[in-house]
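[1] show me the folded form of this:
(one chain, ligands or ions: 2)
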Amino acid sequence: MKRLLPYMSKYKAYAILTPILMVLEVATDIFIPFFMARIVDVGIKTQDIDYVIKTGMIMVGLALLGMFFGVLSAFCASRAGHGFASELRLETFKKVQSFSFGNLDDFSVSSLITRLTNDITTLGQVTVMSLRMGVRAPFMLMFALIMAITINAQLTMVFLVSIPLTIVLMGFVFKKAGPIFSKIQKQVDRLNSVIKENLTGIGVVKSFNRESFEEKRFAVANDALRDTALEAVSMIAFFMPIINIVIYATIIAVLWFGGQQVVQGILGQGSLISFITYITQVMISLMMLSMFSMQLLRGNASRKRVIEVWDTYSEITEIDNPITEVENGSIEFKNVSFKYPTSNTNVLNNINLAIQAGETIGIIGSTGSSKSTLVQLIPRLYDATEGEVLVGGHNVKDYSVKPLRDQVAFVLQKNTLFRGTLRDNMHWGNADATDAEIEVALRQASAWDFVSAFNDGLDHEVEENGDNFSGGQKQRLSIARALLKNPKIIILDDSTSAVDMSTDAKIQNTFATDLKDITTIIIGQRISSIQNSDRILVIHEGEIESIGTHDQLLLESEIYREINESQAKGVGVNE
Ligand SMILES: Nc1ncnc2c1ncn2[C@@H]1O[C@H](COP(=O)(O)OP(=O)(O)OP(=O)(O)O)[C@@H](O)[C@H]1O
Ligand SMILES: [Mg+2]
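    Ligands and ions are numbered 1, 2, ... in the order given. Sure, this is the predicted structure:
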């Protein structure tokens, strides 16, 4: 809690006002039964109508005042609670931004979404409740108890039985409820992951007619959440009537003993009535306290999940005094092996390779042969498990991450555009790029033709994920975005796979002429995409099978020859 509290500072005033207003509200609630007793025991007994009306007016005034304090404290509490939640959300979001690919693999994206939304909202709600119920209940309990004692100390003895009984019952429920709340959050994670996977892949789901399968998968996660939620509710549902029985038994006991005192003339009728109101208030406060503690348990489960995010640090760390300038575009792999954090087998084994600045390297190999994995080590999306990766003559770990990633432009295999205009998207590459510079980059990526065809040109809106562009268009826009960084190294991971052959050839031509100073790594599935590279790397099962020019590899590499032959045949049949 100490770690979360500073995020309340902006809303401190509200957080302080709420309990004060709440105490004032409780005070009015407490005095009302007191005046009621006066009406019965003084006003009615002496038939003094004036007294009854005057006291009645005070009661109405108190009730109105109480209502005013109540509304105001509710307002302040929501300000404090939801403001607090929004600060926590911002902090957590910032933290997630710093996460490496490895951290994201560990948490899973859906779980992070649940933590950022559901868990933090819960924390906000629990805060609202703590500020209100958490203050109201103990104060009301105390005040009402004091009032009851002043009316009749002997009668308050009934609490000696009912309060401990309630506490024992509460303790019993808590022990069971804590784990259930943690379980609920995990199941919300699971449900969100099913929803996310389904909605992001809805096209595939539909084309494979997998709707009913997906519904079943959803139903399983949904039912599990329902059952756990019901488990929590049924425990509360079971608890409530028991507490009610305790309350009624207490009232009956008071009526029994108090009634005798009234008959004996020791206690006024009005005092008995207000006494009963006070003990009801005491019991209600106890009930409120138990509900409130239940919410605290729920909040605690969410708090742990948020802190877990805060306590996770990207393993991609910077050294003290990192290098901020990438001298040249040379790359070297020295005895590099790699395994993903979530797996225990190496997917790259003992890679040794030196690439000169300005060289164009093609990479080819069957699917799953670790082509993407290899190049991800260059801008430190992951760190090599063994060996060293050097850029511009220095280990990538010695660089400050930002300049390194600015100098190593990476067009990911699964590239994405973001909601906003085309210009906004291009500014990701370089926030200061002018329209003229953007046009140059778009031309180099062979994207200018279709962009200039829009009436609104660079103002054209891009939808979420770039869904209003074709696969090939998206790829070319992603290349342009990367070029705008003016990088020393550019990595194109299967970035022209959806582009037709002639456009692909045009893009390659631009790289070979205009952009020949940039070190270029092209991963391709088609021989035609890479055959003009200075050197071609054939990767097989995480190892370099051979390196050479197209002609050399045709002679030396069996794998390369096979790929070439199968594609040459394919070309004959299809195109
Ligand atoms: N995030 C990840 N966590 C765990 N394993 C992964 C992850 N990404 C890839 N792998 C595994 O690493 C191996 C290499 O994958 P990689 O994506 O590098 O292949 P690739 O050669 O790029 O394939 P493709 O041609 O299909 O793009 C595969 O066996 C894959 O299952
Ligand atoms: Mg790949």
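
[2] and residue 227, how many neighbours?
    11 (other Cβ atoms under 10 Å). In this view, the C-beta of every residue, glycine as well, is placed from N, C-alpha and C.

[3] got the contact list for it?
    Residue 227 sits next to no residue when contact means Cβ atoms under 8 Å, 6 or more residues apart in numbering.

[4] in the stretch 351-500 of the chain, which residue sits nearest ligand 2?
    residue 372 (3.1 Å; Cβ to the ion).

[5] how does this structure divide up, domain by domain?
    Split into domains by automatic domain parsing, the chain comes to 5-310, 331-574.

[6] output these as JSON lines; include the columns distance to residue 322 and mean pLDDT.
    Output for the domains of the chain, formatted as JSON lines (distance: least, Cβ to Cβ, whole Å; pLDDT from 0 to 100):
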{"stretch": "domain 5-310", "distance to residue 322": "16", "mean pLDDT": "88"}
{"stretch": "domain 331-574", "distance to residue 322": "4", "mean pLDDT": "91"}
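
[7] out of the ones you listed, which is closest to residue 323?
    Set against residue 323 and scored by Cβ to Cβ, those come closest in domain 331-574, at 4.9 Å.

[8] show me which residues of the stretch 101-250 of the chain sit near ligand 1.
    Within the stretch 101-250 of the chain, the residues that sit near ligand 1 (Cβ under 6 Å from any ligand atom) are residue 105.

[9] mind redoing it with 5 Å?
    Within the stretch 101-250 of the chain, no position is near ligand 1 by Cβ under 5 Å from any ligand atom.

[10] also the chain?
    For the chain, the contact set with ligand 1 under Cβ under 5 Å from any ligand atom comprises 340, 343, 347, 367, 368, 369, 370, 371, 372, 373.

[11] which of the residues you listed are buried?
    347, 369, 370, 371, 372, 373 (16 or more other Cβ atoms under 10 Å).

[12] the first one contacts residue 385, correct?
    Think residue 347. No. Judged on Cβ atoms under 8 Å, residue 347 makes no contact with residue 385 at a distance of 9.8 Å.

[13] what residues do the two have in common as contacts?
    338, 339.

[14] helix/strand/coil for the closest residue to ligand 1 within the stretch 201-350 of the chain?
    Nearest residue of the stretch 201-350 of the chain to ligand 1 (Cβ to the nearest ligand atom) works out as residue 340 at 3.5 Å. Assigned by DSSP: H, G, I helix; E, B strand; the rest coil, the conformation of residue 340 is coil.

[15] just residue 318 next, same as before
    Once three-state DSSP is applied, residue 318 turns out coil.

[16] next: the one 10 residues further on.
    Under the three-state scheme (three-state DSSP), the conformation of residue 328 reads as coil.

[17] mind listing what it touches?
    Counting by Cβ under 8 Å, 6+ apart, residue 328 touches 357, 392, 393, 488.

[18] residues near the first one, how many?
    Read that as residue 357. By other Cβ under 10 Å, the residues close to residue 357 number 16.

[19] ok, it touching residue 520?
    No. Counting by Cβ under 8 Å, residue 357 does not reach residue 520; the two are 10.8 Å apart.

[20] between the two, what contacts are shared?
    By Cβ under 8 Å, 6+ apart, no residue touches both residue 357 and residue 520.

[21] distance check, residue 160 against residue 253.
    According to Cβ to Cβ, to the nearest Å, residue 160 and residue 253 sit 11 Å apart.

[22] got the residues of the stretch 301-450 of the chain near ligand 2?
    By the rule Cβ under 5 Å from the ion, the part of the stretch 301-450 of the chain lying against ligand 2 is 372, 413.

[23] for the residue of the stretch 401-550 of the chain found nearest ligand 1, give me its contacts.
    Residue of the stretch 401-550 of the chain nearest ligand 1, by Cβ to the nearest ligand atom: residue 413 (5.6 Å). With contacts defined as Cβ under 8 Å, 6+ apart, the neighbours of residue 413 are 372, 493, 494, 495, 523.

[24] could you rerun that using 10 Å?
    The contact partners of residue 413, taken as Cβ atoms under 10 Å, 6 or more residues apart in numbering, are 371, 372, 375, 376, 475, 492, 493, 494, 495, 497, 523.

[25] contacting residues for residue 107?
    96, 99, 113, 115, 189, 308, 309, 312.

[26] is it possible to get a markdown table of the domains of the chain that adds distance to residue 319?
    Listed next are these as a markdown table, based on distance: least, Cβ to Cβ, whole Å:
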| stretch | distance to residue 319 |
| --- | --- |
| domain 5-310 | 16 |
| domain 331-574 | 6 |
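
[27] check which helix or strand residue 378 maps to.
    Assignment of secondary structure by DSSP states H and E places residue 378 within no helix or strand.

[28] buried residues in stretch 55-67?
    55, 59, 62, 66.

[29] these in helices, which ones?
    With DSSP state H as the criterion, helices contain 55, 59, 62, 66 from among the buried residues of stretch 55-67.

[30] farthest-separated two in the contacts of residue 328?
    393 and 488 (12.0 Å).

[31] between those two, which one's more packed in?
    Applying other Cβ under 10 Å to residue 393 and residue 488 shows that residue 488 carries more neighbours, namely 22 against 13.

[32] so what's the closest residue to the more buried one other than its chain neighbours up against?
    Distances taken as Cβ to Cβ, 6 or more residues apart in numbering put residue 329 closest to residue 488, at 3.8 Å, once the chain neighbours are dropped. Residue 329 makes contacts with 355-359, 391-392, 407-408, 487-490, 517-520, as judged by Cβ under 10 Å, 6+ apart.

[33] thinking again about what came up before, top of the contacts of residue 413 by number of neighbours, please.
    The most crowded member of these, judged by other Cβ under 10 Å, is residue 492 (29 neighbours).

[34] can you give me the helices for the stretch 151-300 of the chain?
    159-200, 202-207, 211-263, 269-310 (DSSP state H, counting those that start in this stretch).

[35] next: the stretch 451-575 of the chain.
    Using DSSP H, counting those that start in this stretch, helices in the stretch 451-575 of the chain cover 471-483, 501-512, 527-530, 550-556, 558-574.

[36] most packed of the ones you listed?
    helix 471-483 (a mean of 23; mean count of other Cβ atoms under 10 Å).

[37] please work out how many residues are found near the closest residue to ligand 2 within the stretch 1-150 of the chain.
    In the stretch 1-150 of the chain, the residue that lies nearest ligand 2 is residue 101 (13.6 Å; Cβ to the ion). Residue 101 has 15 neighbours, counted by other Cβ under 10 Å.

[38] from here on, count from 29
    All right, first residue 29 from here; so that's residue 129.

[39] pretty sure it contacts residue 400?
    No. Using Cβ atoms under 10 Å, residue 129 is not in contact with residue 400, being 11.2 Å away.

[40] list the contacts of residue 458.
    If you count contacts by Cβ under 10 Å, 6+ apart, residue 458 has them with 434, 465, 466, 469, 509, 511, 512, 513, 514.

[41] what about it, which SS state?
    For residue 458, the assignment made with three-state DSSP gives coil.

[42] if I look at it, how far off is residue 513?
    Going from residue 458 to residue 513 by Cβ to Cβ gives 6 Å.
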